[in-house]
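Enquirer: Sequence first, predicted coordinates after that:
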Amino acid sequence: MLRTLITASALAVLLAAPTLAQSPAPASTQLEQSGLTPPTVLSQGYANDAEDTLVTKLLNQTVYSSVEDNAEEIGNIKDIVVSSGIGISAVVVSVGGFLGVGSKDVAVDFHQLDWATRPDGSRRWVLESTAEDLRAAPAFIWSDSVENTGAPALTSAEQEAQLAPGNPNAAPVDPTLTTDAPERAAITTPIDRTGFTNLDEKGLTADQLSGIPVYGINDEQIGTIGNVVNHSDGTIDAVIVDVGGFLGLGAKPVAVGYDNLAFSTDTSGNRYLFLNTTRDQLEAQTEYNPDTYPGEGDNQRMVITP
């Protein structure tokens, strides 16, 4: 079926229509009273597959008219519209202009974008339209933007002034608002490595390493790279793997020596680290302490054997 650009009227309904209030059914927990259905929190981790992507990897991606080599570059994904109960409903594509000057933002129905596979196995975002069609479409202007309100955006200092005092992470987590139940089985679905290729870690920077998911024996996710430790000459000594925890809180940092690490990448450019160890072995390792590591690195650093 030929995909068409979302119309201005349809977009207005999609982005501006208010959500109708509904009376919640009687519930015994705060979670149910809030209208959410368990599970809403995956405290055991999330096993992504080849069809998943992160919003950070979606932003600034180029949108093409087809998978062919001579396909037109329509524009770049500038922002994402998330609707309650729907998920991603629209993406904002910046089209035209030069170095961001003179460009125009247009909202496109997310379902019109296709994460298409090219003949060489690589993938790209495809919209069956043209840059000319997007330039002719209504411009996307957010309801509380400067264009609509005439009021400038808050500065960083003004935003901080509106924050409530105290440490928000110090408050205990209400167990009725989570699904961190001991009887719930951990998510241990192995990742599908079809199409993965080896990645030379020597060219990776600290920023590129941060956030890479870590998989252990049986290809089950056991943690995430949270930081790196450098030698005095600037080369990387170890990666700090955050293992366990809940919503990023209480995770145990473990230093893993940078030698003998096996990095991989998929056809979408996502990076992965595979370790010849288990979650239990990682959690049993001495916790990384940045204050004592310079003198106790040999004790804190976990050495991976190929």
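Expert: Ah, there it is. Just so it is clear, the structure is predicted and the values come from calculations on it, not from any experiment.

Enquirer: which regions of the stretch 1-150 of the chain lie under the pLDDT threshold?
Expert: Filtered on pLDDT under 70, the stretch 1-150 of the chain yields the residue ranges 1-52, 85, 97-102, 143-150.

Enquirer: for it, what spans make up the strands?
Expert: Ranges of strands within the stretch 1-150 of the chain are 62-64, 73-83, 87-95, 104-109, 113-117, 123-127, based on DSSP state E, counting those that start in this stretch.

Enquirer: which of the ones you listed sits most buried?
Expert: Greatest average neighbour count among the strands of the stretch 1-150 of the chain goes to strand 104-109 (a mean of 22), per mean count of other CB atoms under 10 Å. Every C-beta, even on glycine, is put in place using the N, C-alpha and C of the backbone.

Enquirer: CA atoms of it as PDB?
Expert: C-alpha atoms of strand 104-109 as PDB (Å, rounded to 0.1, in the frame of the first residue of the first chain):
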ATOM      1  CA  LYS A 104      11.600  23.300   7.900                       C
ATOM      2  CA  ASP A 105      10.200  20.800  10.500                       C
ATOM      3  CA  VAL A 106       7.400  18.500   9.400                       C
ATOM      4  CA  ALA A 107       5.600  15.900  11.500                       C
ATOM      5  CA  VAL A 108       5.200  12.500   9.900                       C
ATOM      6  CA  ASP A 109       3.100   9.600  11.200                       C
END
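
Enquirer: possible to save the strands of the stretch 1-150 of the chain as a markdown table with distance to Ile141?
Expert: As requested, these are exported to a markdown table (distance: least, CB to CB, whole Å):
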| stretch | distance to Ile141 |
| --- | --- |
| strand 62-64 | 20 |
| strand 73-83 | 12 |
| strand 87-95 | 10 |
| strand 104-109 | 8 |
| strand 113-117 | 21 |
| strand 123-127 | 20 |
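
Enquirer: wait, which of these is closest to Val303?
Expert: Nearest to Val303, of all those, is strand 123-127, at 36.0 Å by CB to CB.

Enquirer: what's the closest one packed up against?
Expert: Judged by 3 or more CB pairs under 8 Å, 6 or more residues apart in numbering; DSSP states H and E, strand 123-127 is in contact with strand 62-64, strand 113-117.

Enquirer: Need these in CSV (columns: distance to Asp242).
Expert: CSV is the format used below for these (distance: least, CB to CB, whole Å):
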stretch, distance to Asp242
strand 62-64, 32
strand 113-117, 29
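
Enquirer: Let me know which of the ones you listed is the nearest to Ala136.
Expert: Closest approach to Ala136 among those is made by strand 62-64 (16.2 Å; CB to CB).

Enquirer: if I look at Ile212, how far off is Asn270?
Expert: According to CB to CB, to the nearest Å, Ile212 and Asn270 sit 9 Å apart.

Enquirer: With Asn260 instead?
Expert: Separation of Asn260 from Asn270 (CB to CB): 22 Å.

Enquirer: Going by how many neighbours each has, rank these two and give me the top one.
Expert: For the pair Asn260 and Asn270, the greater number of neighbours falls to Asn270 (17 against 12), based on other CB atoms under 10 Å.

Enquirer: which residues of the stretch 1-150 of the chain fall in helices?
Expert: For the stretch 1-150 of the chain, helices defined by DSSP state H, counting those that start in this stretch occupy the ranges 8-16, 30-33, 55-58, 131-136, 146-149.

Enquirer: Can you spell out which helices and strands pack onto the third one?
Expert: The criterion is 3+ CB pairs under 8 Å, 6+ apart, and the helices and strands that helix 55-58 contacts are strand 73-83.

Enquirer: can you list contacts of the strand it packs on?
Expert: 14-15, 55, 58-65, 88-96, 103, 105-107, 110, 125, 127, 129-131, 134 (CB atoms under 8 Å, 6 or more residues apart in numbering).

Enquirer: at 7 Å instead, please
Expert: The contact list for strand 73-83, computed with CB atoms under 7 Å, 6 or more residues apart in numbering, reads 15, 55, 58-65, 88-95, 105, 107, 127, 129-131, 134.

Enquirer: which residues in the stretch 201-306 of the chain form strands?
Expert: Counting by DSSP E, counting those that start in this stretch, the strands of the stretch 201-306 of the chain are 213-215, 221-230, 236-243, 252-257, 262-265, 271-274, 301-302.

Enquirer: Can you list the buried residues in stretch 128-140?
Expert: Glu128, Ser129, Ala131, Asp133, Leu134, Arg135, Ala137, Phe140 (16 or more other CB atoms under 10 Å).

Enquirer: just to revisit the earlier point, of all the strands of the stretch 201-306 of the chain, which one is nearest Asp207?
Expert: Asp207 lies closest to strand 221-230 among these, at 9.4 Å (CB to CB).

Enquirer: Now the closest one: average pLDDT?
Expert: Taken as a whole, strand 221-230 carries a mean pLDDT of 88.
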